[in-house]
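*Asks:* Just the structure for this:
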Amino acid sequence: MIVDVIDKNYVVVTGPESLTGVRRRRSNLKHVQATEEILDVKKGAADEEVVKAAEKKKKVDFLKTPQSG
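*Replies:* Sure, this is the predicted structure:
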């Protein structure tokens with residue numbers, strides 16, 4: 001999940017780690033796959049906020065499911 005935009009080439013993504021094992025990190029947009037799923041979180045949201053938003057929207061299973069390119 002993208003939680004912040006660094007510049008035109010890089011974003012900050014998170015799993016979050018407690019759900020998916022994916023740590024928060026910088027990622028090149030060339031390596032990010034877009035989906036139609038959206039969670040309502042603020043820019044730079046903490047992993048706990050992402051988990052709460054996923055639980056609220058019942059999207060925890062979606063986050064846990066590996067997405068193929």
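
*Asks:* which other residues reach stretch 54-65?
*Replies:* Residues outside stretch 54-65 that contact it (Cβ atoms under 8 Å, 6 or more residues apart in numbering): 1, 15-16, 19-20, 37, 39-40, 51, 53. For the C-beta atoms, the positions are set from N, CA and C on the backbone; glycine is no exception.

*Asks:* now swap in stretch 39-50 and tell me
*Replies:* For stretch 39-50, the external contacting residues (Cβ under 8 Å, 6+ apart) are 1, 3-5, 12, 14-18, 24, 53-54, 57, 59.

*Asks:* ok so, going back, determine which two of the contacts of stretch 54-65 are furthest apart.
*Replies:* With Cβ to Cβ as the measure, no two of the contacts of stretch 54-65 lie farther apart than T20 and D40, at 19.0 Å.

*Asks:* Between these two, which is the more surrounded one?
*Replies:* T20 (15 against 8; other Cβ atoms under 10 Å).

*Asks:* beta partners for V13?
*Replies:* Going by DSSP bridges, V13 is paired in beta bridges with I2, R25.

*Asks:* okay but it is in contact with M1, surely?
*Replies:* Yes - using Cβ atoms under 8 Å, V13 makes contact with M1 at a distance of 6.4 Å.

*Asks:* Which of the helices or strands spans V11?
*Replies:* Taking DSSP states H and E as the definition, V11 sits inside strand 10-13.

*Asks:* Tell me which of V13 and M1 has more neighbours.
*Replies:* M1 (24 against 18).

*Asks:* does the more buried one really touch V11, like I thought?
*Replies:* No - contact status for M1 versus V11: not in contact, 9.9 Å apart, counting by Cβ under 8 Å.

*Asks:* helices or strands next to the strand holding V11 in the packing?
*Replies:* strand 2-5, strand 25-28 (3 or more Cβ pairs under 8 Å, 6 or more residues apart in numbering; DSSP states H and E).
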